[in-house]
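**Q** Next input, structure requested:
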Amino acid sequence: MAPNNRIGLFHYNDTFSSIQKDFIMVLIENGFIVDLFINLRSASTNLVNFNEIIKTENVNVHIIEGEKLIKWYKKILLLKPSLLKEEVYQNAIFLSDIIIQKMNDQYFCFIGIEKMGLLWAGEFSEKYQIPLIYYSLELYIEDHPYYSNFKKLHHIEKIYHQKAICTIVQDEFRQKRLYQSNEIKNSDTIFLPVYSRGACVKDPSKSFFQQMFKLDKNNRILLYYGAMQKHRCCREIAAIAPKLSNTSVVFHGYGNLNYISSLKKFVNVYISTDLFEETKIGDIFLSVDIGISLYDNSFSNNRFTAFSSTKIALYLKYGIPIITFNNESYQKLFRKYRCGEMINKIDDLPIALDKIISNFPTYKKNAYLAYEEFYNLDNTSKELLSYLFALCSKKTFN
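**A** Residues are numbered from 1 along each chain as shown. Alright, predicted model coming up:
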């Protein structure tokens, strides 16, 4: 690896999860040095063992406290004061600049994760003339139902996205909408579906939820995993649960307490809200038969989820066939590997369930195949790594 192999990775105020952790691990395992700049709020996650990252060789973690006003140079970014407390952001800029200027000649790129990470990385990209890469995970664009909350942030995203040389995005459906919204005409693109790491898991445990809820061992378990909320049709799933024969419906995740309570009134519904350590996640998935992921199709961030949902990657890693709403992103997935069934409305769920059960071994086999091709980061990161190697080499020889 060339001497100028350092990457500045910027993450601000968004949830730091296994997605970001695995991204970092793949980079360092392939010879890059990663400086992670992250604010305290993001670093205080309970979704991953953050100390594991801090102790990893070739990862330098710079946690920016950001609580004290530090006088910074006079540049004030357009709209910044309306986005977050100015002194907090100034502190993040000031402290990270002290670190970066000591070794700026070693960086060959800065990567901004999501909107605020892009803004943070973009400031230093401009100052030190280091190539900027945008890693987009969410489409908070005009068709989002809460767009008014994101409008100013989207304005800044657009400004810096247009300055990026490359965009990492999950698939061509999301790329098209993101590029239209941000008016991107010239950007390299790397497609990187949301992922997990490691080989498929085929150990048939099937005991975790059965023991937790004292369920009949002969009953199938239909799992909903992740955020419980309106736009993911959790209440509709719960309402149809009594109609599912020999099948128990389990919701595992988090969400508004009132919304979660509304799910508990339905028969044949079981709720698990305890968050487990990352190493124990397999216990959950090894105990279920079928996974459900019903994002509504009314806006882009929910519609295009076949390659952008962590739950999909995890379901398939454990050989769990899935039930989803019908749209173009799942059509693409199922054309290659029929690892589940699509429905047009919630009333079709029992039929889809019966179809999967009637040919369960084939659906399970296809789930494993789909995971290995589309969701195993050890396989899907090759395009990303090739691009970064080329960019690093260009910096070295210049």
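**Q** Please enumerate the helices of the stretch 51-200 of the chain.
**A** Taking DSSP state H, counting those that start in this stretch, the helices of the stretch 51-200 of the chain run over residues 80-83, 86-102, 114-128, 147-161, 172-182.
**Q** which of those helices is buried the deepest?
**A** Comparing these by mean neighbour count (mean count of other Cβ atoms under 10 Å), helix 114-128 comes out on top with a mean of 23. No exception for glycine: its C-beta is placed from N, CA and C like everyone else's.
**Q** now that one: mean pLDDT?
**A** Regarding helix 114-128, the rounded mean pLDDT is 93.
**Q** between it and helix 147-161, what angle do the directions make?
**A** 30 degrees (axes from the mean of the first three to the mean of the last three Cα atoms, to 10 degrees).
**Q** and residue 160, how far is that from residue 186?
**A** 14 Å (Cβ to Cβ, to the nearest Å).
**Q** wait, which of the helices of the stretch 51-200 of the chain is closest to residue 57?
**A** Among these, the nearest to residue 57 by Cβ to Cβ is helix 86-102 (18.3 Å).
**Q** on that earlier part again, adding distance to residue 203, write the helices of the stretch 51-200 of the chain out as TSV.
**A** Formatted as TSV, the helices of the stretch 51-200 of the chain follow (distance: least, Cβ to Cβ, whole Å):
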stretch	distance to residue 203
helix 80-83	46
helix 86-102	43
helix 114-128	34
helix 147-161	42
helix 172-182	33
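**Q** and of those helices, who's closest to residue 16?
**A** Taking the helices of the stretch 51-200 of the chain one by one with Cβ to Cβ, helix 114-128 is closest: 10.5 Å.
**Q** export that closest one as CSV, just CAs?
**A** Extracted as CSV, the C-alpha positions of helix 114-128 are listed here (Å, rounded to 0.1, in the frame of the first residue of the first chain):
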residue,chain,number,x,y,z
GLU,A,114,-24.8,11.1,5.3
LYS,A,115,-25.7,14.8,5.2
MET,A,116,-23.8,16.3,8.2
GLY,A,117,-20.9,14.0,7.6
LEU,A,118,-20.8,15.3,4.0
LEU,A,119,-20.9,18.9,5.3
TRP,A,120,-18.0,18.2,7.8
ALA,A,121,-15.9,16.4,5.2
GLY,A,122,-16.7,19.0,2.6
GLU,A,123,-15.3,21.9,4.6
PHE,A,124,-11.9,20.2,4.7
SER,A,125,-12.0,19.0,1.2
GLU,A,126,-12.3,22.6,0.1
LYS,A,127,-9.6,23.8,2.5
TYR,A,128,-7.0,21.2,1.7
